[in-house]
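Participant: okay, here's the prediction I keep looking at, along with the sequence it came from:
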Amino acid sequence: MGFLNKIFYTIGGGVARHPFIVFVSALIVTASCGLGFLNFRVTDDPQELWVPKTSRANIEQDYFKNHFGTFFRINEMMVVPADPDKSTQDIFRPEYLHLLYHLQDAIEKGTIIKDGKEYGIDDFCYKPITGQGCLITSPMGFWKMNQTEIPKTAEQVKIDAQCIPKPEQTGRI
């Protein structure tokens, strides 16, 4: 019998003669190792995960939060043509803008119900001026979210998007 065989034979014999002691010992070791879960806390805050508490970035972030309010993140939505053959086509075209109008309208008017309470965009959007509504930036802002104002041609869309006044327009846009 080899050296390892003798060791495992002895261990196996001990486990077979005293199964209760082995079971209780394994339970105690597992429970003591699991005590660390009492302090377990899940976080998904990237700053807490990757930035040391004493770093300059964290100190400046705390200063900003205390003096100017909580930092917010802007959510973005990218819109691309659904047809892969048109993936390189300019998206500033009237047909896409009409689809964008309907999408933005649905988002702004949509609601969800969670725990018996109804929520809309006004409940979680960024409001730079309290009580003045949401800050929503969108290409539809060029036409004041009015579908009838969207130009009929792609050239006119580009002129509007560059804030170039129409020939018949006087004054500011």
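Facilitator: Arrived safely, thanks for sending.

Participant: and the residue positioned nearest the centre of the chain, what element?
Facilitator: The centroid of the chain falls nearest to residue 75 when counting by Cα atoms, centre = their mean (7.1 Å). Using DSSP states H and E, residue 75 sits in no helix or strand.

Participant: wait, is residue 118 part of a helix?
Facilitator: No. Counting by DSSP: H, G, I helix; E, B strand; the rest coil, one finds residue 118 to be strand, located in no helix.

Participant: list the contacts of the closest residue to it other than its chain neighbours.
Facilitator: The shortest distance from residue 118 to any non-neighbouring residue, by Cβ to Cβ, 6 or more residues apart in numbering, is to residue 111 (5.2 Å). For the C-beta atoms, the positions are set from N, CA and C on the backbone; glycine is no exception. Contacts for residue 111 were tallied using Cβ atoms under 8 Å, 6 or more residues apart in numbering; they are 118-120.

Participant: could you list the buried residues of the lowest-mean-pLDDT helix or strand in the chain?
Facilitator: Taking mean pLDDT, DSSP states H and E as the measure, the helix or strand of the chain with the lowest value is helix 154-161, at a mean of 79. Residues of helix 154-161 classed as buried: 154, 157, 160 (neighbour count, 16 or more other Cβ atoms under 10 Å).

Participant: any idea how far residue 31 is from the second one?
Facilitator: Noted for residue 157: a distance of 67 Å to residue 31, by Cβ to Cβ, to the nearest Å.

Participant: how about the CA coordinates for the helix or strand harbouring residue 66, as PDB?
Facilitator: Following DSSP H and E, one finds residue 66 within helix 56-68. Below are the C-alpha coordinates for helix 56-68, written out as PDB (Å, rounded to 0.1, in the frame of the first residue of the first chain):
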ATOM      1  CA  ARG A  56      -9.700  63.000  -4.300                       C
ATOM      2  CA  ALA A  57     -12.500  62.000  -6.800                       C
ATOM      3  CA  ASN A  58     -14.600  60.600  -3.900                       C
ATOM      4  CA  ILE A  59     -14.000  63.700  -1.700                       C
ATOM      5  CA  GLU A  60     -14.900  66.100  -4.600                       C
ATOM      6  CA  GLN A  61     -18.000  64.000  -5.400                       C
ATOM      7  CA  ASP A  62     -19.200  64.300  -1.800                       C
ATOM      8  CA  TYR A  63     -18.500  68.000  -1.800                       C
ATOM      9  CA  PHE A  64     -20.500  68.400  -5.000                       C
ATOM     10  CA  LYS A  65     -23.400  66.300  -3.500                       C
ATOM     11  CA  ASN A  66     -23.500  68.300  -0.300                       C
ATOM     12  CA  HIS A  67     -23.400  71.700  -2.000                       C
ATOM     13  CA  PHE A  68     -25.300  71.100  -5.300                       C
END
